[in-house]
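Novice: One predicted model, sequence on top.
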Amino acid sequence: MASQNLSLLWMLLREFFSKPQLQRQPEPTAEMDDLQNVEAFHAQGSVVTGTLLPIYHFNAFATSHLLPANVTLVDLGSGSGRYLAYLAQRRPDIHIIGLELQTA
């Protein structure tokens, strides 16, 4: 447990003190109401070629350290659900409920 805490601390410190590698370019809107944008975002979470996998891995690692065993996680605004599927594979002991209000 102590080594996991040290790993998490090291990861957070590295993230906090590192210089940004890429310029952040926010979406024009937080809503994804265009089917083409939704499909493109979903494709980026592909287990084979997805560019979002490092982000999924980082978030799953951090989330796993915050959640005790055998709990229920509720995610509001879960998008395509790819991250939740990724997390569920790594934490089969937790029950995950994802809610998304967008229809696209």
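Specialist: Yep, that arrived.

Novice: now the strands: where do they sit in this structure?
Specialist: With strands called from DSSP state E, the chain shows them at 72-76, 95-99.

Novice: Can you lay out these as a markdown table showing distance to Leu13?
Specialist: Using the backbone N, CA and C atoms, a C-beta is placed for each residue, glycine as well. Listed next are these as a markdown table, based on distance: least, CB to CB, whole Å:
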| stretch | distance to Leu13 |
| --- | --- |
| strand 72-76 | 26 |
| strand 95-99 | 29 |
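
Novice: Show me what the helix ranked longest in the chain is packed against.
Specialist: Using DSSP state H, we find that the single longest helix of the chain is helix 2-17. Identification of packing neighbours for helix 2-17 by 3 or more CB pairs under 8 Å, 6 or more residues apart in numbering; DSSP states H and E yields helix 53-66.

Novice: and the helix it packs on, what does it pack onto?
Specialist: Packing partners of helix 53-66 (3+ CB pairs under 8 Å, 6+ apart): helix 2-17, helix 82-90.

Novice: Mind checking those for the one nearest to Gly98?
Specialist: Shortest separation from Gly98 across the helices and strands packed on helix 53-66 is recorded for helix 82-90, at 4.7 Å, computed as CB to CB.

Novice: List the contacts of that closest one.
Specialist: Contacts to helix 82-90, defined as CB atoms under 8 Å, 6 or more residues apart in numbering, come from residues 42, 45-47, 50, 52-53, 56-57, 59-60, 63-64, 73, 75, 78, 94, 96, 98.

Novice: how far off helix 53-66 does it point, in degrees?
Specialist: 50 degrees (axes from the mean of the first three to the mean of the last three CA atoms, to 10 degrees).
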